[in-house]
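*Asks:* Whatever this is, show me its structure:
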Amino acid sequence: MSNRIKIVVPDAGPINTLAAAGKLELLLAPSNTDVVMIESVVNEILVRAPELQAFFEQHAARIKRVATSVCVDDRDKAARGLPIGKGRGDLAIADFIMNFIDEAVGNAPALVIFEDKKLGRLRTLEQYSANTHFITTAAYLRKLEAEGIITSFDETWSEIVSKSHSSDPRLHREPNPQEIDAPAGSGSSVFRMRER
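*Replies:* So this is what the prediction gives:
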């Protein structure tokens, strides 16, 4: 893996999943990657988990924050002391998909990491770039195992599940996650294809 690759994380889900188990550095494990995130999503993450600020600062050179129109509007409201309102992260995601994905990714291969339940919404990105490769957080970790970056997917996922335990079924991690791996329409692949 030598060329620069964009890893797009349009939602907080993969960050929350990896951070819960202290594995956030795995997002940047492939050395040839840069991460693209939406400013409003980063802000929402930091409100809930301010301890992650150090991670974002330490890796600022490799984490590009895209300020969509919604993000700029939120900044303006905050500067005037006005409430930003609920659901702004979701609006910023939609704004990113509709208006900013092409510029953020360019012609580089892009890996979009998402949580299983977000597949329907995020697959709309395919219409914008034939280089976009969609993959769930679990499938991304499986690729890291295949590349020798982590030693065991099963051990890593088990740790994520145990550290993410919650009595609320909406928050509890799935012990047997879907490993959705949908290569780019152009046929390009960020990682080697898994042998079946």
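*Asks:* Tell me how far the residue of the chain most remote from its centre lies from residue 32.
*Replies:* What lies farthest from the middle of the chain is residue 80; by CA atoms, centre = their mean that is 30.4 Å. Distance, residue 80 to residue 32, by CB to CB, to the nearest Å: 41 Å. The C-beta positions use only the backbone N, C-alpha and C, and glycine is treated the same way.
*Asks:* And residue 7, by the same measure?
*Replies:* 10 Å.
*Asks:* who has more neighbours, the two?
*Replies:* More crowded of residue 7 and residue 32, by other CB atoms under 10 Å: residue 7, with 24 against 10.
*Asks:* all helices for the chain, in order.
*Replies:* Under the criterion DSSP state H, helices of the chain are mapped to 13-20, 39-48, 53-58, 69-79, 88-95, 101-105, 119-122, 137-146, 153-163.
*Asks:* out of those, nearest to residue 181?
*Replies:* helix 137-146 (4.5 Å; CB to CB).
*Asks:* contacting residues around that closest one?
*Replies:* With CB atoms under 8 Å, 6 or more residues apart in numbering as the contact definition, helix 137-146 has outside contacts at 13-14, 17-18, 26, 29-30, 111, 113-116, 135, 150-153, 156-157, 177-181, 190-192, 194.
*Asks:* That's all I had, so thanks and see you.
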